[in-house]
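[1] with the input below, show me the fold.
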Amino acid sequence: MIDKKLINILSNKTSGSFELLIELHNHLKKEQMIIQLFPEIIDLAKDQLSSFQAIQNYLDDMKLTLHRDKTLDHFFKKYDEKFHDPFARLFDKSKNILRKYNRIITISNSKTVYEILSRLNKINPNLEVIVCESRPKLEGRILAKNLLKVNIHVELITEAMMYQSAKDSNAALVGADIILKNGDIINKVGSSLLAITCKNYKIPFYVIADKSKLSPTNKYSQQKMPSKEIWRHSGKKLQINNFYFEKVDRSLITKVIWD
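    Predicted structure coming up:
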């Protein structure tokens with residue numbers, strides 16, 4: 001039987017992939033008494049969270065470990081160690097690149113982007129961040145609130161304001177849910193428009209992500225989400241498209257920063 005907490009994790013549409021991964025890891029670690037259900041849980045989680053490569057890799061590793069060892073004690077210990085301050089190395093890799101920018105634009109809600117910006121603010125107190133609110137779930141507002149808590153100046157905008165606002169920024173910084181084998185990335189819808197906008201204004205477009213986001217293939221299929229999130233209206237000649245994620249071509253990316 002799938003418990004309510006797990007259902008909430010699998011249906012979360014506003015958290016970034018790393019936040020979801022940590023929630024899933026901590027929950028499953030507590031539920032080892034139902035380890036006989038884990039094969040079913042793994043398959044369900046892989047299906048529900050298919051857009052998050054880090055979670056897919058984690059679940060594949062769990063499935064392999066369970067098949068080999070019949071226990072997950074060492075598996076959870078390994079990931080506990082891996083998840084201890086996972087952003088330290090990423091920040092070391094990125095700080096010399098990003099510290100020169102006083103005004104950075106981003107989109108949606110990414111734990112990785114938040115951690116890097118909050119640490120960057122300590123060495124650059126003049127940092128300002130433009131956050132696209134990311135419709136339809138508006139998770140950019142979550143990132144904005146978190147940045148405000150660490151005393152970063154935030155400007156919240158809609159995606160429709162992106163083109164105008166981007167020209168006043170020094171750089172763009174986004175996360176990635178998947179890094180395809182060919183170097184393209186998958187991230188929240190609007191990321192490609194932001195990348196194109198940055199290219200037009202000759203503004204660097206950076207992607208920051210750890211290597212758990214790497215995919216062994218170039219395959220990606222968009223999943224259509226509920227149309228009512230866009231508009232609760234229907235008609236025979238009305239088509240409402242709602243996609244959460246999209247591909248950003250590698251030619252639009254200045255640099256992918258990873259650990």
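[2] low-scoring stretches of the stretch 101-250 of the chain, by residue?
    Residues of the stretch 101-250 of the chain meeting the criterion pLDDT under 70: none.
[3] now the strands for it?
    Along the stretch 101-250 of the chain, counting by DSSP state E, counting those that start in this stretch, strands occupy 103-107, 128-132, 153-157, 171-174, 178-179, 185-188, 205-208, 245-248.
[4] format these as TSV; extra columns: mean neighbour count and distance to residue 88.
    Heads up, the C-betas are built off the backbone N, CA and C, glycines and all. Converted to TSV, the strands of the stretch 101-250 of the chain look like this (neighbours: other C-beta atoms under 10 Å; distance: least, C-beta to C-beta, whole Å):
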stretch	mean neighbour count	distance to residue 88
strand 103-107	25	20
strand 128-132	24	21
strand 153-157	16	24
strand 171-174	25	18
strand 178-179	24	20
strand 185-188	26	23
strand 205-208	24	13
strand 245-248	18	26
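[5] looking at the ones you listed, which is nearest to residue 58?
    strand 178-179 (13.5 Å; C-beta to C-beta).
[6] packing partners of the closest one?
    strand 185-188 (3 or more C-beta pairs under 8 Å, 6 or more residues apart in numbering; DSSP states H and E).
[7] one more time with 10 Å, if that's ok
    Here strand 178-179 touches helix 53-69, strand 185-188, going by 3 or more C-beta pairs under 10 Å, 6 or more residues apart in numbering; DSSP states H and E.
[8] mind listing the strands the last one pairs with, and their directions?
    For strand 185-188, the paired strands and their directions (DSSP bridges) read strand 178-179 (antiparallel), strand 245-248 (antiparallel).
[9] so which of those strands is nearest residue 108?
    Nearest of those (C-beta to C-beta): strand 245-248, 9.8 Å.
[10] packing partners of the next helix or strand after the closest one?
    Following strand 245-248 in sequence order, the next helix or strand is strand 255-257 (DSSP states H and E). Applying 3+ C-beta pairs under 10 Å, 6+ apart, we find strand 255-257 packed against helix 88-98, strand 205-208.
[11] how about the longest one: buried residues?
    In this case it means helix 88-98. By neighbour count on 16 or more other C-beta atoms under 10 Å, the buried set for helix 88-98 is 90, 91, 93, 94, 95, 97, 98.
[12] could you dump the residues you listed into TSV with pLDDT and distance to residue 76 added?
    Converted to TSV, the buried residues of helix 88-98 look like this (pLDDT from 0 to 100; distance: C-beta to C-beta, whole Å):
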residue	pLDDT	distance to residue 76
90	95	23
91	96	26
93	94	27
94	97	29
95	96	31
97	97	34
98	97	33
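[13] can you give me every residue that contacts the residue nearest to residue 132 when sequence neighbours are not counted?
    For residue 132, ignoring the flanking residues on the chain, the nearest one in space by C-beta to C-beta, 6 or more residues apart in numbering is residue 107 at 4.1 Å. Contact analysis of residue 107 by C-beta atoms under 10 Å, 6 or more residues apart in numbering lists 113, 130-134, 139-140, 143, 157, 159, 162, 172-175, 187-191, 193-194.
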